[in-house]
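A.B. asks: Fold the following for me, if possible:
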Amino acid sequence: MKKLFLFLIASLSFAMAHAAEKAKIAFEETSYVFTDNVLGETSEHVFVFKNEGKAPLVVSDAVPSCGCVKPSWTRRPVAPGDTGSVHVYYTSKVSGAFHKTIKIYSNTSGKKPVLTITGETKAKK
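C.D. replies: Here you go, the predicted structure:
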């Protein structure tokens, strides 16, 4: 019983130390408004993030809410204190207001960041 107790204490200590060494993603901004979006053309914006954690940060996926949004992101591990980016391309298929999201998956713990792009698409002149 004593050995089990010591094992549990050691495991808990290891887990707490390991949790403290996680990556932490912090975006400079999580939303952007496109003001000059024209029907059929592609608009783009770059969301910059910083790794505020103690371990390398790896973004594994960026999932858009629709096929009109194409994200690309920093593929290399981002060292603690360094920055990376998520580049978002939006190609409008209909005119009018739009609201799209991109969910970011990484090796961080907690709630996954969601980036938002909004605006209004105008017809070509």
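A.B. asks: For stretch 35-43, buried residues please.
C.D. replies: By neighbour count on 16 or more other CB atoms under 10 Å, the buried set for stretch 35-43 is 37, 43. Yep, even glycine has a C-beta here, placed from its N, CA and C like the rest.
A.B. asks: All the helices of the protein, residue numbers only.
C.D. replies: Using DSSP state H, the helices found in the chain span residues 2-19.
A.B. asks: Now the residue nearest the centre of the chain: closest residue in space that isn't a chain neighbour?
C.D. replies: Computing the C-alpha centroid of the chain and ranking residues by CA atoms, centre = their mean puts I104 first, at 3.3 Å. Spatial nearest neighbour of I104, excluding adjacent residues (CB to CB, 6 or more residues apart in numbering): P113 at 4.5 Å.
A.B. asks: how near is that neighbour to V48?
C.D. replies: Separation of P113 from V48 (CB to CB, to the nearest Å): 12 Å.
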